[in-house]
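K.L.:
no sequence on hand, only this structure:
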């Protein structure tokens, strides 16, 4: 993924972000097969950036759940 054009704002294409996040979750799972994985958003995000990031991470969690990995959870 390319560095953001406007640091501090959620601006990558959603599909690219989700694909990269799914890849990250797969890498963590490969190293820790039975560990629960908790996902969240960094505090500096707010407003629409927070909404977009949460939705994209939710899509990544759903993709892993559809692949059978049900030990990944969102933490508020």
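P.N.:
On my side now, so go ahead. Keep in mind that what you see is a predicted model, and the values were worked out from it rather than measured.

K.L.:
host element of residue 49?
P.N.:
In this structure, residue 49 sits in helix 47-66 according to DSSP states H and E.

K.L.:
what residue ranges in this protein score low on pLDDT?
P.N.:
Across the chain, residues meeting the criterion (pLDDT under 70) sit at 1-10.

K.L.:
check which helices and strands the helix holding residue 49 sits against.
P.N.:
In terms of contact count using 3 or more CB pairs under 8 Å, 6 or more residues apart in numbering; DSSP states H and E, helix 47-66 is assigned the packing partners helix 14-31, strand 37-39, strand 72-74. In short, each C-beta sits where N, CA and C put it, glycine included.

K.L.:
please name every helix or strand in contact with the second one.
P.N.:
Judged by 3+ CB pairs under 8 Å, 6+ apart, strand 37-39 is in contact with helix 14-31, helix 47-66, strand 72-74.

K.L.:
with the first one instead?
P.N.:
When contacts are defined as 3+ CB pairs under 8 Å, 6+ apart, helix 14-31 packs onto strand 37-39, helix 47-66.

K.L.:
can you check the last one too?
P.N.:
Taking 3+ CB pairs under 8 Å, 6+ apart as the contact definition, the neighbouring helices and strands of strand 72-74 are strand 37-39, helix 47-66.

K.L.:
so what sits opposite residue 37 in the bridge?
P.N.:
Note on residue 37: beta-bridge partners residue 72, judged by DSSP bridges.

K.L.:
any chance of the helices and strands packed on strand 37-39 in a markdown table, with distance to residue 41 and mean neighbour count too?
P.N.:
Output for the helices and strands packed on strand 37-39, formatted as a markdown table (distance: least, CB to CB, whole Å; neighbours: other CB atoms under 10 Å):
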| stretch | distance to residue 41 | mean neighbour count |
| --- | --- | --- |
| helix 14-31 | 11 | 14 |
| helix 47-66 | 5 | 16 |
| strand 72-74 | 9 | 14 |
